[in-house]
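Participant: okay, here's the prediction I keep looking at, along with the sequence it came from:
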Amino acid sequence: MNKLEILPVRRGWSIRFDDSEVSSIESNSFNLLDVRFKKGGDKLIQLNQLVATVQSNQVYPYFWSDNYSVWVEQGDEPSWNFRGANRDGTAETSTQLVVKCRDEGVKYCVTQKITILKDHDLLTTRADGDMVALEFTDPYFMHIVGPAYEMEGNIYWPGIYYPGMETYVRDWKKRWDMFAFETAPGRFYGWKHHHYYYCEGAEITEGGLFAVLGYEGGDIAYRVLTPGYNVGICWWGYDAHFYKKLPLKEVKSRPGEENGWGTTPVKAGEEFDFSYELSELPEAESKEIRARSEFRENSEIGLRNMDRPRIERHLNRFDKKTEFDDQYFCWRPGPKGAFWDKSVGYDDAYSLRLESDGSFIPAYTTRLGQEMFMEPVYGGKKYRTTAYIKTENVSGAGARVSVCFGVPVWKGMHGILQPFEYAYTEGITGTSDWIKVEVITTAPEDVISVHVALELNGSGKAWIDNFLFEEVK
């Protein structure tokens, strides 16, 4: 008998299913709805934006739930209705979820609506050129990005972003390797799973598919029933953002966000609807979509990132770049004065070179830790940062390495990483051969990432090599 389990993850907030009211739309962490298509099968998706909610003038389509599970028997069509509203009374939302369990499989049918109650400027989640993106759902697909790190049989994940995944990651396996967007009837373009494959989102044709394709059959697809909606892929975790473009009035900036958040005027009575169906794809259809898919050229910024030294999980010798067959992030150079040197190194021919006349600080930067799917860092533990530095006529504070732990500061339903405090190695000045530098720091509670900068604070030229961040045993 075909059965379906719906199992949301508990994180302290709830939806009352009996009277379809949202008990709260404020939270300091994400909640998720795990989806599996067969009893005992792999959890496939987390619908972390199933129910649209509105807070202040901002639209946040997130699903909040207490512990809840239901078995759906073959032939059943249970449905749930959710409602939300923002505190200042400018908008309300509603979502209907119908689960259809048939011989041919299970199908989720979702209809979302945002109704504007008062004239105001709507602050949406993202500015994109001369448009703003009104986002409705942002599913995270399991079995694409690997677990953060495996050590002594334990698999770790960036739990601050996806709470409740601890049991899932023990069974993680690479299942999917590409997305396919149906931009016109029967025409698909593919999206490769790589952090630096940067291609713009695409509008899905009415009734078209957004497919998640892999190796072993059992692939899944969204059938987008509402025209005029786009899908864009997150470079970090490959979650899919379904959104509608609206005219841009102005951009409101936020610290650390290049594009800012856009505003657009909306009128009382305006409604925004989004409907889709989520189901498994027959294996034959999956193969046909894969064969039809056309791949766009990678963008200039994507190609630039792939031609940079990759971040290694342990010793960084700066001797390899990212490739399409790996999932590494890269070291990012500052706007000027930072170069990947392929002729000078501590114990090989590779290093990072920094040059300045003293009017700016050249640097290479990166993040480490569970936020970047790497070895996790733990609050209260000590960590050692080492590197080798060679200098030529360096003045000022010198060439050095800075380390800072990232701690989330929650604003409503969104987390913003805030630097804890910076620690620096000794700054090397003058002209010197390779010198080892070191700094030991203690991670704060709730740490989820490590921010690193290899920098030259002053004038001259410096090379930095063999960077290592490790726990002090």
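Facilitator: Good, I have the coordinates.

Participant: just the buried residues of stretch 175-195, please?
Facilitator: The neighbour-count check on stretch 175-195 (16 or more other C-beta atoms under 10 Å) flags 175-182, 188-191, 193-195 as buried. The way it works is simple: take the backbone N, C-alpha and C, and place the C-beta from them, glycine included.

Participant: Ala291 falls within a helix, correct?
Facilitator: Yes - Ala291 forms part of a helix when assessed by DSSP: H, G, I helix; E, B strand; the rest coil.

Participant: looking at the buried residues of stretch 175-195, spot the one nearest Tyr378.
Facilitator: His195 (24.6 Å; C-beta to C-beta).

Participant: what is the nearest of the buried residues of stretch 175-195 to Glu77?
Facilitator: Proximity to Glu77 was ranked across the buried residues of stretch 175-195 by C-beta to C-beta; first place goes to Glu182, at 26.0 Å.

Participant: quick one, what contacts that closest one?
Facilitator: Going by C-beta atoms under 8 Å, 6 or more residues apart in numbering, Glu182 touches 188, 204-205, 208-211.

Participant: which of those sit farthest apart?
Facilitator: By the measure C-beta to C-beta, Thr205 and Ala211 form the most distant pair in the contacts of Glu182, at 13.1 Å.

Participant: between the two, who's got more neighbours?
Facilitator: Ala211 (24 against 17; other C-beta atoms under 10 Å).

Participant: please name the bridge partners of the more buried one.
Facilitator: Legend: beta-bridge partners of Ala211 under DSSP bridges are Ala180, Ala221.

Participant: where are the low-confidence patches of the stretch 251-400 of the chain?
Facilitator: Within the stretch 251-400 of the chain, the stretches with pLDDT under 70 are 252-261, 325-326.

Participant: ok so, going back, could I get the contacts of Glu182 in a markdown table, plus columns for secondary structure and pLDDT?
Facilitator: Shown next, in a markdown table, are the contacts of Glu182 (DSSP: H, G, I helix; E, B strand; the rest coil; pLDDT from 0 to 100):
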| residue | secondary structure | pLDDT |
| --- | --- | --- |
| Phe188 | strand | 96 |
| Ile204 | strand | 95 |
| Thr205 | coil | 95 |
| Gly208 | coil | 97 |
| Leu209 | strand | 97 |
| Phe210 | strand | 95 |
| Ala211 | strand | 94 |
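
Participant: by contact count, what packs against the longest strand seen in the chain?
Facilitator: Looking across the chain with DSSP state E, the single longest strand is strand 382-411. Secondary-structure packing of strand 382-411 (3 or more C-beta pairs under 8 Å, 6 or more residues apart in numbering; DSSP states H and E): strand 414-424, strand 428-442, strand 449-457, strand 459-471.

Participant: just the ones you listed: most buried one?
Facilitator: Ranked by mean neighbour count, the helices and strands packed on strand 382-411 are led by strand 449-457 with a mean of 24 (mean count of other C-beta atoms under 10 Å).

Participant: just the helices in the chain please.
Facilitator: 166-169, 283-292, 300-306 (DSSP state H).

Participant: please name whichever of the ones you listed is nearest to Lys382.
Facilitator: Nearest of the helices of the chain (C-beta to C-beta): helix 166-169, 24.8 Å.

Participant: pLDDT on that closest one, on average?
Facilitator: Looking at helix 166-169 alone, the average pLDDT works out to 46.

Participant: need the pLDDT of the residue lying closest to Thr263 once chain neighbours are set aside.
Facilitator: In space, not counting the residues next to it along the chain, Thr263 is nearest to Asp121; the distance is 4.5 Å by C-beta to C-beta, 6 or more residues apart in numbering. pLDDT for Asp121: 81.

Participant: one step back: what's the closest of the buried residues of stretch 175-195 to Asn298?
Facilitator: Of all the buried residues of stretch 175-195, Asn298 sits closest to His194, with 8.7 Å by C-beta to C-beta.

Participant: so what's that closest one up against?
Facilitator: 306, 322, 324, 327.
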